[in-house]
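Visitor: generate coordinates for the sequence data below:
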Amino acid sequence: MPAQNEPNATAAVTAFTALLTEEGRGLLAELRDHDPAKELATATRLRRDHPAELVSAALGMARLRQRAVAKFGAEDAYRMFFTPNGVEQSTRRSVADYRAARFAALGIGSVADLCCGIGGDAIALARLGIRVLAVDRDPLTCEVARANAQALGLADLIEVRCADVADVDTSGYDAVFVDPARRGGRGRIFDPEAYSPPLSWAIEAARKAPHAALKIAPGVPHEAVPDDAEAEWISDGGDVKEAVLWFGTAPGARRATLLPGGHSLVGAGLPDPAVRPVGRYLYEPDGAVIRAHLVADVAAELGDSGLIDETIAYVTSDELRATDYASAYEITDVLPFNLKKLKALLRERKVGVVTVKKRGSAIEPEELRKKLKLEGVNSCLIVLTRVNGSPSMLLGHPARA
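Guide: Numbering: from 1, shown residues only. You can find the predicted model right below:
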């Protein structure tokens, strides 16, 4: 994370440390359940008894804590401290806990956490008894990470150091974890060499340690993954959250891990399955499976199955089989895309609620819903896709075992 300008950094740290005083903590406790819509009235009331700067800082932190509940849970979020970037970029607790457990399973006793941010990953590691050196170059971020370690009773295991990660000697640690900044002044950064620090630097830092993990964007091209790294794509609740390059584990492996269940699929290097006609069931692989290029492995798990199109990650089969890595749908109709025919069919079947999925189609689900003008008591799944190269619509519903 880039350091702030010195005067701004000093002012920001001063404003933050005021929240750690008895008065600041009292304000935060009072604001735990405040309504943002009433913030002006709340601020006016609080400024009668507290300095205006402290009230502003407390209101800002209260907003961040409310936003952080989705990532950290209420119990942690309302004890922790945040920055706007920290809430946006930090690892959600479920993912950090999973990664920390992988480190612990490797027998890791100490980790150098480079680009630690507000300390989400350091906290997960320390909770498993792992000693952590948490490094960031931004003074405010370091103060926040230090306060979080203290607030959660982990200060004995987490040392926070404000420094450039390039200047830190990690030779005394069992493992290195690097989470480069992937956002800049203009938003999300897609070029791994534009990360801060660049991915190439992080890879070299990883290779110097017995074990290492590098957090990267899930859209990273597979050709950018070094041969000596294991690449893991992680989803949580069906949403792909990140990719991780592991060193010292299984070089060349490709893995998809689905949280919260913790199901993990390791690729076997299978060729793409053949294209076949749409069967009774359609399987939609989890996004982590697709990103990891493991659709063929899911198809193999399903038995006699194939793709509906060579470029589309939908698997089809005539049998319903349980899998942790894909959602199953029973298909009732396979039709060439035709809006007029679709509207007539849904009207005939008294469909008033639809779930629209798309893959390989330019049509937006919301746009389609508006055009359908639905009325009725029944529901239906509509899949807009290509079947063996042709724009198609598949109708059905979630499969029931």
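
Visitor: got a list of contacts for stretch 392-401?
Guide: Here stretch 392-401 makes contact (Cβ atoms under 8 Å, 6 or more residues apart in numbering) with 278, 281-282, 320, 322, 327-338, 342, 345, 379-387. For every residue, glycine as well, the C-beta is placed using N, CA and C.

Visitor: in helices only, show me these.
Guide: 342, 345 (DSSP state H).

Visitor: what about residue 317, distance to residue 149?
Guide: 50 Å (Cβ to Cβ, to the nearest Å).

Visitor: list buried members of the contacts of stretch 392-401 by neighbour count.
Guide: Buried positions within these, assessed by neighbour count (16 or more other Cβ atoms under 10 Å), are 278, 281-282, 320, 328-329, 331, 334, 337, 342, 345, 380-387.

Visitor: hey, what's residue 245 bridged with?
Guide: Beta-bridge pairing for residue 245 (DSSP bridges): residue 214, residue 231.

Visitor: sorry, back to before: okay, residue 317 and residue 149: which has more neighbours?
Guide: Neighbours were tallied for residue 317 and for residue 149 using other Cβ atoms under 10 Å; the higher tally belongs to residue 149 (23 against 20).

Visitor: what's near enough to touch residue 364?
Guide: residue 358.

Visitor: shaky segments in this structure?
Guide: 1-7, 183-187, 189, 401 (pLDDT under 70).

Visitor: show me what contacts the spatially most central residue of it?
Guide: By Cα atoms, centre = their mean, the mean C-alpha position of the chain lies nearest to residue 241, the distance being 2.0 Å. For residue 241, the contacting residues are 91-92, 95, 218, 234-235, by Cβ under 8 Å, 6+ apart.

Visitor: and the residue lying closest to residue 28 once chain neighbours are set aside, what element?
Guide: Residue nearest to residue 28 in three dimensions, not counting chain neighbours: residue 58, with 5.6 Å by Cβ to Cβ, 6 or more residues apart in numbering. Using DSSP states H and E, the element containing residue 58 is helix 52-72.

Visitor: next, the buried residues of that helix.
Guide: 54-55, 57-66, 68, 71-72.

Visitor: ok, the residue nearest to residue 28 - contacts?
Guide: 19, 24, 27-28, 31, 46, 50.

Visitor: now with 10 Å?
Guide: 15, 18-19, 23-31, 34, 42-43, 46, 50 (Cβ atoms under 10 Å, 6 or more residues apart in numbering).

Visitor: how about residue 77, nearest residue that isn't a chain neighbour?
Guide: Here the residue nearest residue 77, using Cβ to Cβ, 6+ apart, is residue 68, at 4.1 Å.

Visitor: hmm, that neighbour is touching residue 82, no?
Guide: Yes - counting by Cβ atoms under 10 Å, residue 68 touches residue 82, with 5.5 Å between them.

Visitor: between these two, what contacts are shared?
Guide: Shared contacts of residue 68 and residue 82 (Cβ under 10 Å, 6+ apart): 90, 118, 120.

Visitor: picking that back up, so which of the contacts of stretch 392-401 are in strands?
Guide: 281-282, 327-336, 379-387 (DSSP state E).

Visitor: would you mind giving the shared contacts of residue 68 and residue 82 as TSV with secondary structure added?
Guide: Shown next, in TSV, are the shared contacts of residue 68 and residue 82 (DSSP: H, G, I helix; E, B strand; the rest coil):
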residue	secondary structure
90	coil
118	coil
120	helix
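
Visitor: make JSON lines out of those residues and add distance to residue 140 and neighbour count.
Guide: Output for the shared contacts of residue 68 and residue 82, formatted as JSON lines (distance: Cβ to Cβ, whole Å; neighbours: other Cβ atoms under 10 Å):
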{"residue": "90", "distance to residue 140": "14", "neighbour count": "24"}
{"residue": "118", "distance to residue 140": "10", "neighbour count": "29"}
{"residue": "120", "distance to residue 140": "16", "neighbour count": "28"}
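
Visitor: export those to a markdown table and append columns for distance to residue 270.
Guide: Listed next are these as a markdown table, based on distance: Cβ to Cβ, whole Å:
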| residue | distance to residue 270 |
| --- | --- |
| 90 | 36 |
| 118 | 41 |
| 120 | 35 |
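
Visitor: which one of these sits closest to residue 159?
Guide: Within these, the smallest distance to residue 159 is 15.4 Å, found for residue 118 (Cβ to Cβ).

Visitor: so residue 393 is in which element?
Guide: Going by DSSP H and E, residue 393 is part of strand 390-398.

Visitor: what comes up buried for that strand?
Guide: Neighbour-count burial for strand 390-398 [16+ other Cβ under 10 Å]: 392-396.

Visitor: where along the stretch 201-350 of the chain do the strands fall?
Guide: Under the criterion DSSP state E, counting those that start in this stretch, the stretch 201-350 of the chain carries strands at the ranges 211-216, 230-236, 239-247, 254-259, 263-266, 281-285, 305-309, 312-317, 326-336.

Visitor: format those as TSV; extra columns: distance to residue 272.
Guide: Output for those, formatted as TSV (distance: least, Cβ to Cβ, whole Å):
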stretch	distance to residue 272
strand 211-216	25
strand 230-236	18
strand 239-247	20
strand 254-259	14
strand 263-266	16
strand 281-285	13
strand 305-309	7
strand 312-317	10
strand 326-336	16
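
Visitor: among those, which is nearest residue 368?
Guide: Of the strands of the stretch 201-350 of the chain, nearest to residue 368 by Cβ to Cβ is strand 326-336, at 14.1 Å.

Visitor: can you give the strand pairings for that closest one, parallel or anti for each?
Guide: strand 281-285 (antiparallel), strand 390-398 (antiparallel).

Visitor: how about the ones you listed in CSV, adding distance to residue 194?
Guide: Below are the strands paired with strand 326-336 laid out as CSV (distance: least, Cβ to Cβ, whole Å):
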stretch, distance to residue 194
strand 281-285, 30
strand 390-398, 37
